[in-house]
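K.L.:
Mind folding the following:
(one chain, ligands or ions: 1)
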Amino acid sequence: MMMFSRDLSILNVMEPIVSNLFEDNYLKTNGLKCDCEKCQIDIVLLTLNHVPPHYTSSQAGEAYIKALYQEPQLQSDILRELTKAVQVIQERPNH
Ligand SMILES: [Zn+2]
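P.N.:
Sure, this is the predicted structure:
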């Protein structure tokens, strides 16, 4: 992450949003064949590489990220990519 100062940095809000959606929809529901750390990271990375980044200043804060997180269209776009990534990684885990 690029740092401009102690208080200001660049954040791709898709990182926390994809992680949270993954947790809520796959980890908490035990929806994975393998939920080792390697598979978890690979699924999140693959998803992030297929979802356009959405950058904000770290100052934007948690309220802004939560508001984005709750957008139904954004959630369904990410969930579609997340589901594809889960299928790919579960069929061919990198271990
Ligand atoms: Zn695994």
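K.L.:
Leu11 should be in a helix, yeah?
P.N.:
No: secondary structure assignment (DSSP: H, G, I helix; E, B strand; the rest coil) places Leu11 in strand, not in a helix.
K.L.:
For the closest residue to Pro53 other than its chain neighbours, grab the count of nearby residues.
P.N.:
Among residues not flanking Pro53 along the chain, Asn12 sits closest, at 4.6 Å (CB to CB, 6 or more residues apart in numbering). C-beta: built from backbone N, CA, C; applies to glycine. Residues contacting Asn12 under the criterion other CB atoms under 10 Å number 16.
K.L.:
and Asn25, how many neighbours?
P.N.:
By the criterion of other CB under 10 Å, Asn25 has 16 neighbours.
K.L.:
residues touching it, list them.
P.N.:
Contacts for Asn25 (CB atoms under 8 Å, 6 or more residues apart in numbering) come out as Gly31, Leu79, Leu82.
K.L.:
May I ask which of those has the most neighbours?
P.N.:
Neighbour max across the contacts of Asn25 (other CB under 10 Å) = Leu82, 23 neighbours.
K.L.:
My read is that it contacts Asn20, right?
P.N.:
No: in this structure, Leu82 is not within contact of Asn20 by CB atoms under 8 Å, at 10.8 Å.
K.L.:
returning to that earlier point: assess the claim that the residue nearest to Pro53 and Ser57 are in contact.
P.N.:
No: using CB under 8 Å, Asn12 is not in contact with Ser57; the gap is 11.5 Å.
K.L.:
For the protein, which residue occupies the most central location?
P.N.:
For the chain, the residue nearest the mean C-alpha position is Val18 (1.7 Å; CA atoms, centre = their mean).
K.L.:
Tell me the pLDDT of that one.
P.N.:
In this model, Val18 is scored at 97, pLDDT.
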